[in-house]
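Would you be able to build a 3D model of this:
(chains A, B, C and D, ligands or ions: 4)
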Amino acid sequence: MRASSIGYSIKQGIKNIRRNKMFSLASIGTIMACLFLFGVFYFVLANVQYMMKMAETSVGITVFFDEGIGEAKIKDIGTEIKTRKEISSMNYISAEEAWKKFQKEMYKDDKDLTEAFQGDNPLADSASYEIYLNDVSKQDNLVKFIEKIDGVRKVNSSEVTAKGLSSFNILVGYVSATIIIILISVAVFLISTTITMGISVRKDEIAIMKLIGATDFFIRAPFIVEGILIGFLGSLFPLVVLYFIYNKIIAYITVKYKFNVLSNFLTFLDVKDIFATLIPISILMGIGIGFFGSILTVRKHLRV
Amino acid sequence: MRASSIGYSIKQGIKNIRRNKMFSLASIGTIMACLFLFGVFYFVLANVQYMMKMAETSVGITVFFDEGIGEAKIKDIGTEIKTRKEISSMNYISAEEAWKKFQKEMYKDDKDLTEAFQGDNPLADSASYEIYLNDVSKQDNLVKFIEKIDGVRKVNSSEVTAKGLSSFNILVGYVSATIIIILISVAVFLISTTITMGISVRKDEIAIMKLIGATDFFIRAPFIVEGILIGFLGSLFPLVVLYFIYNKIIAYITVKYKFNVLSNFLTFLDVKDIFATLIPISILMGIGIGFFGSILTVRKHLRV
Amino acid sequence: MMNLNGEHDRETELPIIAFDKVSKTYSTGTKAITNLSLKINKGEFVFIVGSSGSGKSTLIKLLLKEIEPSEGNIFVNGKELTRLRRSQIPKHRRGIGVVFQDFRLLKDRNVFENVAFAQRVIQEPIRSIKRKVPSILAEVGLSEKMQVLPKQLSGGEQQRVALARALVNNPVILLADEPTGNLDPKNSWEIMNLLEEVNKKGTTVVIVTHNREIVDAMQKRVITMNKGVLISDETKGGYSYEG
Amino acid sequence: MMNLNGEHDRETELPIIAFDKVSKTYSTGTKAITNLSLKINKGEFVFIVGSSGSGKSTLIKLLLKEIEPSEGNIFVNGKELTRLRRSQIPKHRRGIGVVFQDFRLLKDRNVFENVAFAQRVIQEPIRSIKRKVPSILAEVGLSEKMQVLPKQLSGGEQQRVALARALVNNPVILLADEPTGNLDPKNSWEIMNLLEEVNKKGTTVVIVTHNREIVDAMQKRVITMNKGVLISDETKGGYSYEG
Ligand SMILES: Nc1ncnc2c1ncn2[C@@H]1O[C@H](COP(=O)(O)OP(=O)(O)OP(=O)(O)O)[C@@H](O)[C@H]1O
Ligand SMILES: Nc1ncnc2c1ncn2[C@@H]1O[C@H](COP(=O)(O)OP(=O)(O)OP(=O)(O)O)[C@@H](O)[C@H]1O
Ligand SMILES: [Mg+2]
Ligand SMILES: [Mg+2]
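Ligands and ions are numbered 1, 2, ... in the order given. Sure thing, here's the model as predicted:
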């Protein structure tokens, strides 16, 4: 193919967009809508995933020791436990601290009840290590390992919470996968209907080109350039909108729930982190949809 | 307008759909996609709302009594409390029950610790009423009311949980509203682009009709019939698909999380309840979109 | 009814078509018609001839109010077209049967439906449509093509469908833009005879044509246009213009 | 090269167009062409006449391989059309310039681009396009309309754009379906003179027309069709058919 023909294809592709303004705008609009929805869900899912991860690290194991064990022995046990890779952090909690914490959690500083136990720590011998894990699903293994260490009386793992969280994690995973599959199917479906409508608009034009002796490639090229451009343009707008929306929404939620229990869970990914992935994905999806969309359209016509 | 003209409009509307197969299918497809997404979100939101409601009822108030109070007096207090409308249920828990429950919750049946308190109930005088509410937000009022009752030593409300839940509720409300607004905007946008493309396809036809002397109404009527039909057809398919998906998904989740803590929260709305609302909403939306969509299209043409 | 001077008058005395100093300049800057004044009386049979691009089709489009004049007034049936309200336009057009130069058939409806459409527009009862449409299609020789789509017709057949559609409502005015351009001489003569018959029944007939043979033979009024200007108007004329 | 009997032969001795017992029945059941055999030699100038619907346009569509014959073989430039592979069709069509009865201009491109498109298809360099397109448009009298869209042209102007597009590549064969149907006599003659010139330079010219005046005056080979059947083929003929 001559250079002039390549130049012609690109120029025609750009001109086509202006010539069929309505159709181009509609196509760009459809891609925009799909990628916008995709972006919104990417936000939600990425943040939920992130919050889950944060929440996980606050689920831990408590290790209690044999009665009357010395501080040195406790330290040894600590050193042995620390060799394990699944541990993210580990704290020593003395019997006194344990009792204070218990009072606070259980009775919410109910003074009447606290007084009942005054001077008497019902949780003597309750010194413990609190251990936090990288990954909740590895808890079982770790518990088995620690239980075998000499001097360990009991390993108290919050089984229920751990299992619940990792189940919830799996649930979130399934839901994400399902929503993304639904969204992509809807997007593909919408794009293909957009293209189907394009067929009605362009059928005559392509038929004429063929009768004049244009090769398939010569007819296709400008349409494909057009498709790629439309896809690219369609991907930019939602990115810009999402960028501004994201910061606004985070700011809003953070302020709204500042003094609330929920704020513990509401840790958000930074806009930069999220867009480092979202920008290339969106643009590639836009261009991909435009490219394949236009190829399929023109293919269908060329069979006429 | 004559009867023959009305008959003609309806017949033409039906014929139009068959004549412009591609365009009709594309329009039906777009409406289907939008209503399908709408249906999916309606499912998720309706169920989350429902689960929240279920979860709320398990957040309660505990009422403790003055030391040495008689059973009769406790009953009187109970009767007084029960007059309040915000109460959904109320249980009496004796001191013994309270201690057993405490042991179980706190030590997870850790026998060593339980033995330490043997024969000695540290929670004597802890007989209480556990009260569950209809609506967490009304908790504050109720607490104030109960605290004033004679013989009540203390009202222990799980303030944190209650506030958290009702904040979460509000958050879910905002998220729902946002997602539904986004979805409806996207739907309206997509339909309008579909219609915009329709313009390219039908422009010539309408121009010719006008030149032959057809009135605006005569031109519009078949298009509107067509629009309503397309909207109606577009709303049926997602309903059918969603109906089968819904049962499958609930069955799947229920089995998957049967023996899991999450199952406490996973209470689902019955398919009948959800479809009692979803069917009319979807069909009305489909017909509405088709009706207004076609009116706007034809209006735009008639201005030519 | 108002005549050009705004006085009341009987309809028969009025020209059914009147151009009063009409000019039309298209958005591209092309001056398609320049200062045209012209009267056609009820029941006349008029040929409009002139070279390609001289403004003949523009004249027809103006009469149908498909486009607006840049200057001047056009009267049809006593009504000034620029003064017509939007809602009056359909009624105005229903009185005029038009054969467009490019046919303008509804491409997704078959031949019968294309012709029937004109009848449906004026809310003819279905029984009347089922009688009239086949009879007019027979007159233009298309009895066997009622069920096919326009794109399945030859050029000349499409042209005859357009003519059938223009005639089916017995219009007061018939405008035909090159109605025999795709027809062989025999077919053309048949069509011309049909139009003459229609004219005899009272319809005012205005035909734009390049067919010298027909114009010369029929000895009707001939209006000649050149570059948007009316250059001759002969009562029993021939195809005189040669650039 | 193979001739009709499958023997090797020099190209000049071969008819450039040959129909061998060709029939075409459309999907509607219409028999548009019945058992047609016909040879046209390189450099000939041929008129095809016949009443409306007699299969003339069908013949042109068959030559362009826009539609397939139901029976028989068609040879163009020594190639049997049904045997052409999909990838060979563009090359086949590039050798043929066609004026379609309904023009088939690209409606979203201006006049210049419509004509230039034919040049772009054969990958002419841009410089050559910029020289040739205006010159051919001048020949058909449309120098001033290069920048306007087809719908902003009169019927005759559109027809001349279609002709310019068919001629711009100096095709081996020119097929023109009713190329003067929307032109006045003077313009028609100018176009005919242009086509005769092109023919003198070696192009085989096949013209479908209803213009009796021109056919009678030019005294070229005239092929007459009726209801899909070739009913006469005269070397120096006139428009004889009258149904
Ligand atoms: N929509 C339009 N926009 C701009 N210019 C136009 C438009 N329609 C016609 N013209 C120009 O106006 C002039 C008159 O056009 P018109 O169609 O009236 O010619 P005509 O007499 O019907 O010619 P023909 O015999 O070729 O059909 C021509 O030069 C044409 O190019
Ligand atoms: N695509 C088609 N499908 C079905 N029938 C067709 C199709 N095209 C043409 N015909 C029919 O085939 C016959 C021949 O058509 P063709 O277009 O070849 O006629 P023509 O000689 O060109 O006539 P004209 O002079 O009116 O253009 C006609 O009866 C026509 O109705
Ligand atoms: Mg014209
Ligand atoms: Mg033809």
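
Can you show me the helices along chain C?
Using DSSP state H, the helices of chain C run over residues C:56-63, C:89-94, C:111-121, C:126-139, C:155-167, C:185-200, C:212-218.

can you pull the contacts of A:I77?
Contacts for A:I77 (C-beta atoms under 8 Å, 6 or more residues apart in numbering or on different chains) come out as A:63, A:65, A:129, A:149, A:151-152. Every C-beta, even on glycine, is put in place using the N, C-alpha and C of the backbone.

Okay, and it sits in which element?
Element membership of A:I77, judged by DSSP states H and E, is helix A:71-82.

Report how many residues lie close to A:D204.
Neighbours of A:D204 under the rule other C-beta atoms under 10 Å in any protein chain shown: 12.

which residues sit in contact with C:I173?
Residues counted as contacts of C:I173 (C-beta under 8 Å, 6+ apart) are C:16-17, C:63, C:76-77, C:95-97, C:203-206.

wait, what's in contact with the residue nearest to C:L153 when sequence neighbours are not counted?
Once flanking residues are discounted, C:L153 sits nearest to C:K145: 6.3 Å by C-beta to C-beta, 6 or more residues apart in numbering or on different chains. Applying C-beta under 8 Å, 6+ apart, we find C:K145 in contact with C:111, C:137, C:153, C:157, C:161.

State the distance from the fourth one to ligand 3.
Okay, so that is C:E157. From C:E157 across to ligand 3, the span is 21 Å (C-beta to the ion, to the nearest Å).

Test my guess that that residue contacts C:S143.
No: contact criterion C-beta atoms under 8 Å: C:E157 and C:S143 do not qualify, at 11.7 Å.

Looking at these two, which is more packed in?
Neighbour tally, C:E157 and C:S143, criterion other C-beta under 10 Å: the higher count belongs to C:E157, 22 against 12.

Now do the same for the more buried one: its pLDDT.
In this prediction, C:E157 carries a pLDDT score of 96.

quick one: contacts for it?
Contact analysis of C:E157 by C-beta under 8 Å, 6+ apart lists C:142, C:145, D:52-53.

pLDDT weak spots in chain C?
Across chain C, the ranges flagged by pLDDT under 70 are C:1-13, C:241-243.

Distance-wise, check the closest residue to ligand 2 within chain C relative to C:E190.
Residue of chain C nearest ligand 2, by C-beta to the nearest ligand atom: C:G156 (2.6 Å). Using C-beta to C-beta, to the nearest Å, C:G156 is found at 11 Å from C:E190.

of those two, who's got more company?
For C:G156 versus C:E190, neighbours defined as other C-beta under 10 Å are more numerous around C:G156 (26 against 18).

do you know how far that one is from chain A?
As judged by C-beta to the nearest C-beta, to the nearest Å, C:G156 and chain A stand 21 Å apart.

same check, this time on C:I223
Applying C-beta to the nearest C-beta, the value for C:I223 to chain A is 36 Å.

Go ahead and confirm that residue touches C:F45.
No: here C:I223 does not reach C:F45: they are 11.7 Å apart, not a contact under C-beta under 8 Å.

More neighbours: the two, which one.
Set C:I223 next to C:F45 and count neighbours by other C-beta under 10 Å: C:I223 wins out with 22 against 19.

Using the three-state scheme, assign the closest residue to ligand 2 within chain A.
Residue of chain A nearest ligand 2, by C-beta to the nearest ligand atom: A:A207 (12.7 Å). Three-state assignment for A:A207 (DSSP: H, G, I helix; E, B strand; the rest coil): helix.

Stretch C:178-195 near ligand 4 at all?
No: judged by C-beta under 5 Å from the ion, stretch C:178-195 makes no contact with ligand 4; its nearest approach is 6.8 Å.

Can you dump the C-alpha atoms of that stretch in PDB for me?
Output of stretch C:178-195 as PDB, limited to C-alpha atoms (Å, rounded to 0.1, in the frame of the first residue of the first chain):
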ATOM      1  CA  GLU C 178     -39.000  14.700 -15.000                       C
ATOM      2  CA  PRO C 179     -41.600  11.900 -14.900                       C
ATOM      3  CA  THR C 180     -40.400  10.200 -18.000                       C
ATOM      4  CA  GLY C 181     -36.600  10.400 -17.500                       C
ATOM      5  CA  ASN C 182     -36.300   6.700 -17.100                       C
ATOM      6  CA  LEU C 183     -39.000   5.600 -19.500                       C
ATOM      7  CA  ASP C 184     -38.900   4.400 -23.000                       C
ATOM      8  CA  PRO C 185     -40.700   6.500 -25.600                       C
ATOM      9  CA  LYS C 186     -43.800   4.200 -25.700                       C
ATOM     10  CA  ASN C 187     -44.100   4.200 -21.900                       C
ATOM     11  CA  SER C 188     -43.500   7.900 -21.900                       C
ATOM     12  CA  TRP C 189     -46.400   8.500 -24.300                       C
ATOM     13  CA  GLU C 190     -48.700   6.400 -22.300                       C
ATOM     14  CA  ILE C 191     -47.800   8.400 -19.200                       C
ATOM     15  CA  MET C 192     -48.300  11.700 -21.000                       C
ATOM     16  CA  ASN C 193     -51.700  10.500 -22.300                       C
ATOM     17  CA  LEU C 194     -52.600   9.600 -18.700                       C
ATOM     18  CA  LEU C 195     -51.600  13.100 -17.500                       C
END
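
Okay, buried residues for it please.
Going by neighbour count (16 or more other C-beta atoms under 10 Å in any protein chain shown), the buried part of stretch C:178-195 is C:178-185, C:187-192, C:194-195.

which parts of the stretch 151-300 of chain A sit against chain D?
Residues of the stretch 151-300 of chain A lying close to chain D (C-beta under 8 Å from any C-beta of the partner chain) are A:204-205, A:208-216, A:218.

what's near enough to touch A:R153?
By C-beta under 8 Å, 6+ apart, A:R153 lies in contact with A:64-67, B:112.

That one in helix, strand or coil?
Strictly by three-state DSSP, A:R153 counts as strand.

in the chain, which residue is closest to the centre?
The chain I'm using is chain A. Among the residues of chain A, the one closest to the centroid is A:A46, at 2.0 Å (C-alpha atoms, centre = their mean).

actually chain C
Residue closest to the average C-alpha location in chain C (C-alpha atoms, centre = their mean): C:L175, at 0.8 Å.
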